[in-house]
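Novice: What follows is a predicted structure for the sequence shown.
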Amino acid sequence: MRKQTIHFILYAAILMIASLAHAQTPRQHRHHILDSIPSTNYPSIYYPRNPTAWEIITALDLNITIAPREVVRDEIRQIPQLAFAMRIGLPEHFGIGVRVAGNYIANQFAIIPSWSYSTGHFSFGFQNTSALWFGAADFTGFSTFAMGFSNAPGISAGMRVEDFLLSAQLEAITNFWHYTKFGSDVVHRQIAEFEGEALTLAVEQDAFGGRRINWGVRFDYTTPGYQLWLAFSDTRHRILTPSFFFGMIL
């Protein structure tokens, strides 16, 4: 009996020690990849999250448009363009953006009011891009100038993964007026025409020297008269025009 009592006490002591050891050992949980994402709000130009009220973010991009061979010559298929963008945060998740892009042949000045909302690692927003575009071309025996005004409401969605901001934006483009001058001849169109859609896919991330960079692609599925006025194409069917961009937050 005494021997059984000793065995029982030893067994109980072992169970107590094992229980205490288990209680002091942190439990291992399975983590989803999103659980490790920091809560840092990274500055961005494309991601659908407006800056905090009155905060200003600026960026500089280089865009390269691959014009379709069916409507332009080989020598003007690739059109580099330098772009400056700025976002200003407003109260209640609102914001306003300004974008200036140009390469002499094709230039644009745009005002972009927007609203965005973020929850967890996801964001979505609505924006409207009102743009004045213009361009000039002076070749031997050929001189022309064109300008117009377009409006493009759109929606966007984004996801944050570690220090990466992934975003997609879809726009519907309407051109409201178009002025073109060939030497002394002028063509002026004031009829609003739906030109097509544009899809932008962007990635923003940390890079060299602590800088934030952005890169991605934009697909314009529009009539040639909107993006490629210099082609003077007489076709009205839509054409897919890709543009690649790379830049950094200043």
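Specialist: In hand now; what should we look at? Remember, predicted model here, so these are calculated numbers, not experimental data.
Novice: how far away is the most centrally placed residue in the chain from residue 202?
Specialist: Nearest residue to the geometric centre of the chain (C-alpha atoms, centre = their mean): residue 46, 3.2 Å. Distance, residue 46 to residue 202, using C-beta to C-beta, to the nearest Å: 4 Å. For the C-beta atoms, the positions are set from N, CA and C on the backbone; glycine is no exception.
Novice: Spatially nearest residue to residue 104 (excluding sequence neighbours)?
Specialist: Nearest residue to residue 104, sequence neighbours excluded (C-beta to C-beta, 6 or more residues apart in numbering): residue 136, at 6.5 Å.
Novice: Now for that neighbour: which residues touch it?
Specialist: 104-105, 144-146 (C-beta atoms under 8 Å, 6 or more residues apart in numbering).
Novice: Pull out the buried residues from the residues you listed.
Specialist: 144-146 (16 or more other C-beta atoms under 10 Å).
Novice: among those residues, which are in strands?
Specialist: Among the buried ones among the contacts of residue 136, the ones falling in strands (DSSP state E) are 144-146.
Novice: ok so, going back, export the buried ones among the contacts of residue 136 to JSON lines and append columns for distance to residue 50 and pLDDT.
Specialist: Listed next are these as JSON lines, based on distance: C-beta to C-beta, whole Å; pLDDT from 0 to 100:
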{"residue": "144", "distance to residue 50": "39", "pLDDT": "76"}
{"residue": "145", "distance to residue 50": "36", "pLDDT": "79"}
{"residue": "146", "distance to residue 50": "33", "pLDDT": "80"}
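Novice: which residue ranges form the strands in the protein?
Specialist: So, for the chain - with DSSP E - the strands run 56-66, 78-89, 94-102, 107-119, 122-139, 142-161, 164-182, 185-189, 193-206, 212-222, 239-249.
Novice: Go through these and find the least confident stretch.
Specialist: Per-stretch mean pLDDT for the strands of the chain is lowest at strand 185-189 (a mean of 70).
Novice: Noted, bye for now.
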